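[1] Need a 3D model of the following:
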Amino acid sequence: MTDHIPTIYGYARVSTKGQARDGNSLEDQTNKLRMNGASQIFTDSFTGTKIDRPELDKLIAMLQPGDTLIVTKLDRIARSTTQGLQFIDSLLSKDIKVHILNMGMMDNTPTGKLIRTIMFAFAEFERDMIVQRTSEGKSIARQNPDYKEGRPSLTLDMDRFRIVYNEDYLTHNHTAEECASLLGISRRSFFKYAKQLAA
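    Numbers count the residues shown, from 1 in each chain. Predicted coordinates:
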């Protein structure tokens, strides 16, 4: 039996809309992956309503101990920071290295573990702060006699929405109604913002 030769794989993912924004085009990603040593690159393209990633699934099935997976950003392989870090841990447990170009090499060295621990802590802290500020904002808003529960906010912070959408709706399986209430918007507006986020 021939010994396995460690391979460096790259993975790129884009939305079908706005894919060239923020350096996230397939061309830009694949160029960066090749420059960092990826010899085989898998790519997926999908909209926010389609979460299947057949090429990523195919790549994961091919990975063997000693291989390396490279992606340009954590959000290329996961819908939330928590999900992404859990995914990384699952690969590391199989002796597969993960290189997130804007974060560094993820491995089981003390430094690698420290990076992931810090990322987890910041993700949780950011989410908790958003939830706290949202709750405080709703409490103040309720003092206004014209306030209506679920009233759409025209100035909703998309960063705040992104955290609630990723960490509560996608990861923790909270309902759209619960997340909309947390944000102070209607269920219809919740999906409107979700569509904008996927664009």
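[2] What are the buried residues along whatever helix or strand Thr82 lives in?
    Secondary structure assignment for Thr82, by DSSP states H and E: helix 81-92. The neighbour-count check on helix 81-92 (16 or more other CB atoms under 10 Å) flags Thr81, Thr82, Gln83, Gly84, Leu85, Phe87, Ile88, Leu91, Leu92 as buried. (Each C-beta comes from the backbone N, C-alpha and C, glycine too.)
[3] All the strands of the chain, residue numbers only.
    Ranges of strands within the chain are 8-15, 40-46, 68-71, 97-100, 104-106, based on DSSP state E.
[4] one step back: remind me what the helix holding Thr82 packs against, helices and strands.
    Judged by 3 or more CB pairs under 8 Å, 6 or more residues apart in numbering; DSSP states H and E, helix 81-92 is in contact with strand 97-100, helix 110-142.
[5] By mean pLDDT, show me the worst of the ones you listed.
    Out of the helices and strands packed on helix 81-92, helix 110-142 stands lowest, with a mean of 72 (criterion: mean pLDDT).
[6] quick check, nearest of the buried residues of helix 81-92 to Ala194?
    Lowest distance from Ala194 to those (CB to CB) belongs to Gln83, with 16.5 Å.
[7] Tell me the spacing between the closest one and Ile77.
    9 Å (CB to CB, to the nearest Å).
[8] Could you list which residues are in contact with the residue nearest to Ala38 when sequence neighbours are not counted?
    Excluding its sequence neighbours, the residue lying closest to Ala38 (CB to CB, 6 or more residues apart in numbering) is Gly10, at 3.1 Å. Taking CB atoms under 8 Å, 6 or more residues apart in numbering, we find Gly10 in contact with Thr30, Leu33, Arg34, Asn36, Ala38, Gln40, Ile41, Phe42, Leu69, Ile70, Val71.
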